[in-house]
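J.: I would like the atomic coordinates for the input below:
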Amino acid sequence: MAQEFSYEIVEEIAVLSENAKGWRKELNLVSWNDRPPKFDLRDWAPEHEKMGKGITLTNEEFETLRETLKSM
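T.: Numbering: from 1, shown residues only. This next block holds a predicted model:
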């Protein structure tokens, strides 16, 4: 059985794409279970009521990714 969890989108940073059903791939700062917010990349339903699988990154991980992308 799936565990209950809570989330709060602290900051909406960017919408990377949107599909025909209105789901959007977004980069946000999200607090999961009242923990400090992390960078989060995943698909969201139009009103953020549902979400797809995604990844979360700490500030350090996000900075490493950002520097890697800049050097490409």
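J.: can you show me the strands along this structure?
T.: 7-18, 24-32, 38-44, 51-57 (DSSP state E).
J.: which of those sits closest to residue 71?
T.: strand 51-57 (17.5 Å; C-beta to C-beta). (Each C-beta comes from the backbone N, C-alpha and C, glycine too.)
J.: need the residues that contact the closest one.
T.: Residues outside strand 51-57 that contact it (C-beta atoms under 8 Å, 6 or more residues apart in numbering): 23, 30, 32, 38, 39, 40, 41, 42, 43, 44, 45, 65.
J.: can you rerun that using 6 Å?
T.: The contact list for strand 51-57 (C-beta atoms under 6 Å, 6 or more residues apart in numbering) reads 38, 39, 40, 41, 42, 43, 44.
J.: the strands of the chain into CSV, with extra columns for mean pLDDT?
T.: Below are these laid out as CSV (pLDDT from 0 to 100):
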stretch, mean pLDDT
strand 7-18, 97
strand 24-32, 98
strand 38-44, 98
strand 51-57, 97
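J.: got JSON lines for the ones you listed, with distance to residue 71 and mean neighbour count too?
T.: Shown next, in JSON lines, are those (distance: least, C-beta to C-beta, whole Å; neighbours: other C-beta atoms under 10 Å):
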{"stretch": "strand 7-18", "distance to residue 71": "20", "mean neighbour count": "12"}
{"stretch": "strand 24-32", "distance to residue 71": "19", "mean neighbour count": "18"}
{"stretch": "strand 38-44", "distance to residue 71": "19", "mean neighbour count": "19"}
{"stretch": "strand 51-57", "distance to residue 71": "18", "mean neighbour count": "13"}
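J.: can I get these in a markdown table including distance to residue 72?
T.: Shown next, in a markdown table, are the strands of the chain (distance: least, C-beta to C-beta, whole Å):
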| stretch | distance to residue 72 |
| --- | --- |
| strand 7-18 | 17 |
| strand 24-32 | 17 |
| strand 38-44 | 17 |
| strand 51-57 | 17 |
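J.: can you give me the distance of residue 38 to residue 19?
T.: Going from residue 38 to residue 19 by C-beta to C-beta, to the nearest Å gives 24 Å.
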